[in-house]
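In: only geometry, no sequence info:
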């Protein structure tokens, strides 16, 4: 089952978040982590957290959305900023269910574009994305 | 000179905007175009418009920014959604000046990331971007 | 700890070098291997060897540098030709420490560019490189 | 005809060099430019300059080589760092002749690898390179 992230998920979410950051070798301060959790639960700032919760268990994966404005539309864009499933729960369709829940949420809010970034060499992720979405020709440039 | 987009720029901006949309074969209704122009001028919704204005002339290029929240930071991300220079004014350093003005604006607002998308085959754009920024390993997936 | 490669490291280095060559299915004669080891230890020909040496153990990884001239600068370029960590020591931050030691050495010699090649499909390597460096738009062509 | 760069080529070479730098939006000081010209003419530091000289005319293109050591070989590597043909002389086989002269020079010096970098989106260059060489799977990472 996929449902909204809730304050009671804090411990399980922290475990997943740290696994996710470790994957990207990302460094996020404890302060930012706490603020992000709050914003994902409350839906503040256009953020929204979804978690995958198998029967009788706690969250094993998450999807974090950012709804933001665009110049091409009066409807928001839905940016799937973070998607993660605990390594021990992979191969069970959890990531796909999360993406489908993202689409449902994007529809509910009338988003005119739903998109995400992935490293071009991330084969496991892309093998799923090629089925539930399509690769565009866009690459990302970033200020040095 | 680069300055903020203003209501008096409407005619010149419309000309550029249509040239830009034509490049991407984009379709945007007149209603959305009007709303976008208003939001870019007013700075509403985190949008911001910058225009390149050579001495004694009207706008010949624009940069449209969207400042939006992120789960990785409490500071906003600066997304350069649109960048365009009129074909007759290319090769004069205008695009580069616009990007530098974007960086200055991102600094002013404390953005923790400044980024944009480009088609991987857009050689003229990338030859500039490779100098003022760096290509990441990220590609974009989009819901079909 | 990262330190310069020394003649006493010969056995450990040979083990790593053969593991590295095996990864690339590379064939290097014993004669070239001996000459390379000598040049890396002595610093001859602009070569320099660095090794990662965990407390109380022998080398578990290496970085081989080639400082060479360029037409774009009077300062040398620092080419990281080989980087390798023994499979049993991966995931411990050793590769990252080696890259940071490479940067320190490049600074010491006033190198104006520090760069390396990697196969575009080498996901584990690129996931590190994306954090400590940036991918350029350059690809390599080679005489057949 | 392709021949070695000579001190008397200075004016023609400067014109080509600036066109080349302009293409890459590169900034090289006058001091470095003078030193590079001297090194290319003299062959100092492993550098070598070749120029394309059509009958009865001055240089219309150049190839700059850097012969440098490698850990994989006792023979030098031949790095084609710069290749340029004046825009008004393109389409006449000049670039191809320069590459062939590079190969001859690499053979003369016993180079065990001859290679160069190019931006992946540089279509005109790659259409030639695909004929006279082969694209490898290697991409370049660079210290930020």
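Out: Cool, the structure landed. As the structure is a prediction and not an experimental result, all values here were calculated from the model. Numbering: from 1, shown residues only, chains lettered A, B, ... in the order given.

In: residues in contact with the host helix or strand of residue A:97?
Out: Per DSSP states H and E: residue A:97 is located in helix A:94-108. With CB atoms under 8 Å, 6 or more residues apart in numbering or on different chains as the contact definition, helix A:94-108 has outside contacts at A:2, A:48, A:50, A:52, A:54, A:60-63, A:65, A:78, A:80, A:83, A:85, A:114, A:125, A:128, A:131-133, B:143. From N, CA and C alone the C-beta is placed, and that goes for glycine too.

In: name the residues of stretch A:108-120 that are buried.
Out: A:111, A:114-120 (16 or more other CB atoms under 10 Å in any protein chain shown).

In: pLDDT and secondary structure added to those residues, as JSON lines?
Out: As requested, the buried residues of stretch A:108-120 are exported to JSON lines (pLDDT from 0 to 100; DSSP: H, G, I helix; E, B strand; the rest coil):
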{"residue": "A:111", "pLDDT": "98", "secondary structure": "coil"}
{"residue": "A:114", "pLDDT": "98", "secondary structure": "strand"}
{"residue": "A:115", "pLDDT": "98", "secondary structure": "strand"}
{"residue": "A:116", "pLDDT": "98", "secondary structure": "strand"}
{"residue": "A:117", "pLDDT": "98", "secondary structure": "strand"}
{"residue": "A:118", "pLDDT": "98", "secondary structure": "strand"}
{"residue": "A:119", "pLDDT": "98", "secondary structure": "strand"}
{"residue": "A:120", "pLDDT": "98", "secondary structure": "coil"}
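
In: just the ones of the contacts of helix A:94-108 in strands?
Out: Judged by DSSP state E, the subset of the contacts of helix A:94-108 located in strands is A:2, A:48, A:50, A:52, A:61-63, A:65, A:78, A:80, A:83, A:85, A:114.

In: near chain D, which residues of chain A are found?
Out: Chain A comes close to chain D at residues residue A:144, as judged by CB under 8 Å from any CB of the partner chain.

In: what sits against the closest residue to chain B within chain A?
Out: Residue nearest to chain B within chain A (CB to the nearest CB): residue A:68, separated by 3.6 Å. Residues in contact with residue A:68, defined by CB under 8 Å, 6+ apart, are A:46, A:76-77, A:79, B:46, B:66, B:68-69, B:79.

In: do the same with residue A:15
Out: residue A:86.

In: so for it, what's the pLDDT?
Out: Residue A:15 carries a pLDDT value of 98.

In: then residue A:144?
Out: Looking at residue A:144, its pLDDT stands at 88.

In: what about the residue of chain A found nearest chain D, neighbour count?
Out: Across chain A, the shortest distance to chain D (CB to the nearest CB) belongs to residue A:144, at 6.0 Å. Counted by other CB atoms under 10 Å in any protein chain shown, the residues lying close to residue A:144 total 10.

In: looking at strand pairing, list the partners for the nearest residue to residue A:144 once chain neighbours are set aside.
Out: Computed as CB to CB, 6 or more residues apart in numbering or on different chains, the closest residue to residue A:144 that is not its neighbour in sequence is residue B:134, at 5.2 Å. Here residue B:134 sits in beta bridges with residue A:142, as judged by DSSP bridges.

In: residue contacts, residue B:134?
Out: Contacts of residue B:134 (CB under 8 Å, 6+ apart): A:141-142, A:144, C:134-136, D:144.

In: got a markdown table for the residues you listed, with distance to residue C:12 too?
Out: Shown next, in a markdown table, are the contacts of residue B:134 (distance: CB to CB, whole Å):
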| residue | distance to residue C:12 |
| --- | --- |
| A:141 | 42 |
| A:142 | 39 |
| A:144 | 37 |
| C:134 | 32 |
| C:135 | 32 |
| C:136 | 33 |
| D:144 | 32 |
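
In: and those, which two are the farthest apart?
Out: Spatial extent of the contacts of residue B:134 (CB to CB) is set by the pair A:141 and D:144 at 13.6 Å.

In: in stretch A:127-144, which residues are buried?
Out: A:128-129, A:132-133, A:138-141, A:143.

In: who touches stretch A:21-29?
Out: A:20, A:36, A:84, B:72-73, C:127-128, C:131.

In: quick one: average pLDDT of that stretch?
Out: 95.

In: do the same with stretch A:54-63
Out: Rounded mean pLDDT across stretch A:54-63 is 95.

In: what sits up against that stretch?
Out: A:1, A:5, A:9, A:12-13, A:16-17, A:20, A:49-53, A:80, A:82-86, A:88-89, A:94-95, A:98-99, A:101-102.

In: try it again at 7 Å.
Out: A:5, A:9, A:12-13, A:16, A:49-53, A:80, A:82-86, A:89, A:94-95, A:98, A:101-102 (CB atoms under 7 Å, 6 or more residues apart in numbering or on different chains).

In: pretty sure the residue of chain A closest to chain D is touching residue B:135, no?
Out: No: if you go by CB atoms under 7 Å, residue A:144 and residue B:135 don't touch, sitting 10.6 Å apart.

In: if we can go back for a sec, ChimeraX command to pick out the buried ones of the contacts of helix A:94-108?
Out: Per 16+ other CB under 10 Å, the buried members of these correspond to this ChimeraX selection:
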select /A:2,48,50,52,60,61,62,63,65,78,80,83,85,114,128,132,133 /B:143
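
In: pretty sure residue A:17 sits in a helix.
Out: Yes: using DSSP: H, G, I helix; E, B strand; the rest coil, the assignment for residue A:17 is a helix.

In: just say helix, strand or coil for the residue nearest to it when sequence neighbours are not counted.
Out: Counting by CB to CB, 6+ apart, residue A:33 is the residue found nearest to residue A:17 once chain neighbours are left out, at 6.5 Å. What three-state DSSP gives for residue A:33 is helix.

In: interface residues of chain A facing chain C?
Out: Listed as neighbours of chain C in chain A under the rule CB under 7 Å from any CB of the partner chain: A:25, A:119, A:121-123.

In: between these, which has the most around it?
Out: Of these, with other CB under 10 Å as the count, residue A:121 tops at 20 neighbours.
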